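> I would like to see how this sequence folds:
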Amino acid sequence: MDLSLITPLIFAAVGLIASSYIFWGRRKSKKLLCPFGMKCDLVVQSEYSKIFGIFSNEIIGMGYYLVILLTYLFILTGPSVIPEVIIFELTLLSSFAVLFSLYLLLIQTLALREYCFWCITSLLSSIGIFVAVATSASFDFVSVFNHSKEILLIMHLFAMVLGLGGATFNDIFFFRFLKDLKISREELSILRTFSNIIWIGVILAIISGVGLFLPESERLLASSKFIAKVLIFIVLVFNGALFHTYVIPHMTKFNFKKEPKPRIRKYRRTAFVMGAVSIVSWYSVFILGTLRSLPWSAMEIMLLYALLLFIATSISLTYESYLHLKRET
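The predicted structure follows:
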């Protein structure tokens, strides 16, 4: 029996068991068993356990592993030659699953500071499926990406719409909510919805971006515009990770009557700065992506980007100081 077909089945079965156990524990209000003493219940019962506050992460995981399981069972009992399009689609799907699982791990690390054994098992299963699917392909991925350029461009554009739109509305609501200089639980829930939209956009942008890059890697690596866009996107992802999974959630934990005011204001000013960096970075990536070419070097583009960041953060800190003085007087 072909090991390349059995391996994804095994990983999918493990992932399905882990997701189903989380689902069972949440629905039956049972304490999850953990062989390493991790606080699994704290993680799976947290406010991050649902996407958009509607779709439970474990149900999404169960659906994904079931699709992989049924697909490979059909392949095992069906045709001897697997159509290239199926492997290609499974690779895209499994890459999205890996990135989404890494996003959830990031939340456990920065926001919750606790880990779940079953969630990590699901992550490892996703990685195993991706590696097994990608390495089983007998065709050249670069040529397939090249033939799928229109689909990848649509995906990339959709990712930009999600990311740019989510970041814009997130910052509008964020600055509106901070007029009272704090973030309530209800306001955090709204910001978390936009955060989910933004991160889905980031994941789709990475997948489609890699697909668009590989067929034209030589030309793009020689493009100062592309290099600057990638560098700004890295800043965007790093800033967003800290902003949405650490700084803003941390602000909701403050006791505004007992917490020292300098400490509260330190986090608040950091949040203002990161909000400015987020919006400037998203619009910079979008504009660079729409321009055909620029007569500037990557260094010149990054210097302009740094100048825009300086202006935006100065404005945001001035606004924060204005709100602070207004509240104090």
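> residues making contact with stretch 129-136?
Judged by Cβ atoms under 8 Å, 6 or more residues apart in numbering, the contacts made with stretch 129-136 from elsewhere in the structure are 4-5, 7-8, 11-12, 15, 68, 87, 90-91, 94-95, 97-98, 141. Quick note: C-beta positions are derived from backbone N, CA and C, even for glycine.
> which ChimeraX command selects the buried ones in the residues you listed?
Buried residues among the contacts of stretch 129-136 (16 or more other Cβ atoms under 10 Å), as a ChimeraX selection:
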select :7,8,11,12,15,68,87,90,91,94,95,97,98,141
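> now flag whichever of the contacts of stretch 129-136 is closest to residue 264.
Using Cβ to Cβ, residue 98 is the member of the contacts of stretch 129-136 that lies nearest residue 264, at 37.4 Å.
> report the buried residues of the helix or strand harbouring residue 238.
According to DSSP states H and E, residue 238 maps onto helix 224-242. Buried residues in helix 224-242, defined by neighbour count with 16+ other Cβ under 10 Å: 224-230, 232-233, 235-236, 239-242.
> what ranges do the strands span in the chain?
Chain-ordered strands for the chain, with DSSP state E as the definition, fall at 50-51, 55-56.
> for residue 150, find the nearest of those.
Proximity of the strands of the chain to residue 150 was assessed by Cβ to Cβ; the nearest stretch is strand 50-51, lying at 28.0 Å.
> what's that closest one packed up against?
With contacts defined as 3 or more Cβ pairs under 8 Å, 6 or more residues apart in numbering; DSSP states H and E, the packing partners of strand 50-51 are helix 57-77.
> list the contacts for residue 277?
235-236, 239, 309, 312-313.
> try it again at 6 Å.
Contacts for residue 277 (Cβ atoms under 6 Å, 6 or more residues apart in numbering) come out as residue 239.
> again, but for residue 226
Residue 226 neighbours (Cβ under 6 Å, 6+ apart): residue 220.
> mind redoing it with 10 Å?
Residues near residue 226 by Cβ atoms under 10 Å, 6 or more residues apart in numbering: 213, 216-217, 219-220, 288-289, 298.
> quick one on the thing from earlier: can you add mean neighbour count, distance to residue 173 and mean pLDDT and give the strands of the chain back as CSV?
Compiled in CSV, the strands of the chain are given as follows (neighbours: other Cβ atoms under 10 Å; distance: least, Cβ to Cβ, whole Å; pLDDT from 0 to 100):
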stretch, mean neighbour count, distance to residue 173, mean pLDDT
strand 50-51, 18, 18, 83
strand 55-56, 15, 21, 84
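> so for residue 105, which of those strands sits nearest?
Judged by Cβ to Cβ, the one of the strands of the chain that comes nearest to residue 105 is strand 50-51, at 15.3 Å.
> neighbouring contacts of the closest one?
Looking at strand 50-51 with Cβ under 10 Å, 6+ apart, the contacting residues turn out to be 56-60, 100, 104, 192-193, 196-197, 199-200.
> switch the cut-off to 7 Å
The contact list for strand 50-51 (Cβ atoms under 7 Å, 6 or more residues apart in numbering) reads 56-57, 60, 196.
> how far out from the middle of the chain is the helix or strand bottoming out on mean pLDDT in the chain?
Here the helix or strand of the chain ranked lowest by mean pLDDT, DSSP states H and E is helix 248-251, holding a mean of 72. Once both centres are worked out by Cα atoms, centre = their mean, to the nearest Å, helix 248-251 turns out to sit 18 Å from its chain's centre.
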